[in-house]
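> fold the following, please.
(chains A and B)
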Amino acid sequence: MERKVRVRFAPSPTGPLHIGGVRTALYNYLFAKKHGGDFILRIEDTDQNRYVPGAEEYIIESLKWCGITPNEGVGFGDGPHASYRQSERMAIYRQYAEKLVDNGFAYYAFDSEVELDALRKQMEAEKSAFSYNSKTRKQLVNSLTLSADEVEKRIHAGDSFVVRLQIPENEEVVVHDLIRGEVRVHSSQLDDKVLFKSDGMPTYHLANVVDDFLMQITHVIRGEEWLPSAPLHVLLYRYLGWENVMPKFSHLPLLLKPDGNGKLSKRDGDRLGFPVFPLNWKDPVTGELSSGYRERNYIPAAFNNMLALLGWHPSGDQEIFSMEELIHDFSLERVSKSGAKFDPEKTKWFNQEYLRHEPIEKLVSLLKPMIVETYKIAEGDKRLTNEYLSKVVTLLLDRVQFENEFAEKGSYLFIAPTQYDQDIITKKWKPGFENFFNALSAEYGMMTSFTTADIDAKNKETAAANQLKPGEILQLLRVLMSGSGTGVDLLGMMELFGKEEVITRLNTGVNKIMQSMAAKSDHSK
RNA sequence: GGCCCGUUCGUCUAGGGGUUAGGACAUCUCCCUUUCACGGAGGAAACGCGGGUUCGAUUCCCGCACGGGCUACCA
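Numbers count the residues shown, from 1 in each chain, chains lettered A, B, ... in the order given. Below is the predicted model of the structure:
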């Protein structure tokens, strides 16, 4: 019987979700949607010591921002398997731990953490490693070495204990991984992992397997860091009697830091100047701030697209994918096996591509509040009209990567310059140009139509009348208009300004330049 | 240390027993252009090493090297 595809993203609320986590969520989501299945968000908060306030909300908000929407789960409306928060499912896990003990697959262990730590230290000193396993468990304090009475007595007395899985001594455990094929591990390499902690909480291993079973998860898609414990999970399914409905495993390659090697970590962002988090995050304890893609003005779809291609590749050469296209093309078989270094530059490129294809009206509405804020322009001003702003957007679109750059890079489109690029003036301004630009200003004043074509014709005509080539005066005209030697299309900019503003800027500019030249020559006298 | 996973341009990757080893980002050159971008054209740039198997290996196998992950009563 084909089961309905059900996958889950199961983060631990120990801090902000980083982009590796978002990618895992994305792949789960794409896989679920591709197969008409369900995507579930489950919060794995079985370690109360590591709980970070706000982390859960952060995870939910991040998924929302990305458009990776679970069908069931914390923050998205519970489904038939509520709760989706493991701390609220505590009552469930103990019975499974006990069932394992009863069936001889697990045992109670009374060794304290202190004792075990000492053992680890001691073994380390002897240059080997301590492992609680088939070899050592016979020398330790547990229900395998203690009499049944003694065990009973200790438990009733309230002695703290854990439940450990009794790993078989000599068995090959095979994990079938959809990305990596068969992974074989000999059971002698596994240790008797704690399933149930002395604080009454299950460990990840137990909770995860129990919940995946109960929630009818069909595919486990998670990071490669889980691969070493996958054989343990296989054993758990077997001993719990669930092997026939065991999910299929896929272990995703890790996201690596752009420089050097190693798993991408929280620190790398600050160190290298790019966000590793989807959203801004303020550490509630240290107050430390980490920047997010959302606040850096990334478009969520661009962010998703970038993430999707980091470790997965479509069958063709296409790189820009809508979410629908990603869902259509996604397959676990085409997920690569090796870790991917994160590339912040390419991430910017994705955003630029998306920005260029945004509807102008949308960019205008984004731009407007930024302009009001940045340049303190009052409502009703010509520069805040849709007509003006759409032209601004069009002029700037090819030279920005992020929406906030419209305001920054287009300052001169809103505010007349007060300074003029001195290098260009020094290089290009010739005696007599004052007269030429005054003449040009007067010519502009007589124009009745002020389009790019009109301006272009007038510029050329006036230049020719003064025995000048367009190349000699155009960049100066640009400096007079914007103060800068570089920028958006000159004619387009002038049309945007309109005749009055152009004349004002021209006259003001010429005056200022002449004044500063006069001042200079005074000094040199 | 042990176990597991991996290894194609600087980066993300395609490919796969015989290919001019393909694309994208970044980079360089040229063209377009008043400038800067955009765009266009082109360039440089990769199969970790050693053994097999084979007529032939970058592709399959084995070693090695290197990288990474895991090795908690964390997830």
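> which residues of the stretch 301-450 of chain A lie near RNA strand B?
Counting by C-beta under 7 Å from any atom of the strand, the stretch 301-450 of chain A comes close to RNA strand B at A:309-311, A:313, A:315, A:317, A:319, A:334, A:336-341, A:343, A:345-346, A:349, A:398-399. Backbone N, C-alpha and C define where each C-beta goes, glycine included.
> would you mind writing the ChimeraX command to select the buried ones in the residues you listed?
Buried members of these, defined by 16 or more other C-beta atoms under 10 Å, are picked up in ChimeraX with:
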select /A:309,310,311,339,340
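> so which of the residues of the stretch 301-450 of chain A next to RNA strand B belong to strands?
Using DSSP state E, the members of these that fall in strands are A:340, A:341.
> report the mean confidence score over stretch A:38-49.
Mean pLDDT, stretch A:38-49: 96.
> so is it next to RNA strand B?
Yes: using C-beta under 7 Å from any atom of the strand, a contact is recorded between stretch A:38-49 and RNA strand B, made by A:44, A:46, A:47.
> what of stretch A:199-214?
Yes: residues of stretch A:199-214 are located near RNA strand B by C-beta under 7 Å from any atom of the strand, namely A:199, A:201, A:203, A:204, A:205.
> residue A:185: what secondary structure?
Following DSSP: H, G, I helix; E, B strand; the rest coil, residue A:185 is assigned to strand.
> next, count neighbours for the residue nearest to it when sequence neighbours are not counted.
Once flanking residues are discounted, residue A:185 sits nearest to residue A:231: 4.4 Å by C-beta to C-beta, 6 or more residues apart in numbering. By the measure other C-beta atoms under 10 Å, the count of residues near residue A:231 is 22.
> my guess is residue A:231 contacts residue A:171, does it?
No: contact criterion C-beta atoms under 8 Å: residue A:231 and residue A:171 do not qualify, at 9.8 Å.
> find residues that contact each of those two.
Contact criterion C-beta atoms under 8 Å, 6 or more residues apart in numbering; residues shared by residue A:231 and residue A:171: residue A:187.
> returning to what we had before: which secondary structure element contains the residue nearest to residue A:185?
If you go by DSSP states H and E, residue A:231 is part of helix A:230-239.
> what sits against residue A:482?
Remark: with contacts taken as C-beta under 8 Å, 6+ apart, residue A:482 is in contact with A:412, A:417, A:493.
> just those: which are in strands?
Filtering the contacts of residue A:482 for strands - DSSP E - leaves nothing at all.
> make JSON lines out of those residues and add pLDDT and neighbour count.
What follows is the contacts of residue A:482, written out as JSON lines (pLDDT from 0 to 100; neighbours: other C-beta atoms under 10 Å):
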{"residue": "A:412", "pLDDT": "96", "neighbour count": "18"}
{"residue": "A:417", "pLDDT": "95", "neighbour count": "18"}
{"residue": "A:493", "pLDDT": "97", "neighbour count": "22"}
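> can you get me a residue count around residue A:492?
15.
> for the closest residue to it other than its chain neighbours, what are its contacts?
Spatial nearest neighbour of residue A:492, excluding adjacent residues (C-beta to C-beta, 6+ apart): residue A:395 at 5.1 Å. Counting by C-beta under 8 Å, 6+ apart, residue A:395 touches A:410, A:413, A:488, A:489, A:492, A:493, A:496.
> ok so, going back, outside of the helix holding residue A:231, which residues touch it?
Contacts to helix A:230-239, defined as C-beta under 8 Å, 6+ apart, come from residues A:100, A:103, A:105-106, A:165, A:167-168, A:173-175, A:177, A:183, A:185, A:187, A:190, A:193, A:195, A:205-206, A:208-209, A:213, A:243, A:246, A:249, A:251.
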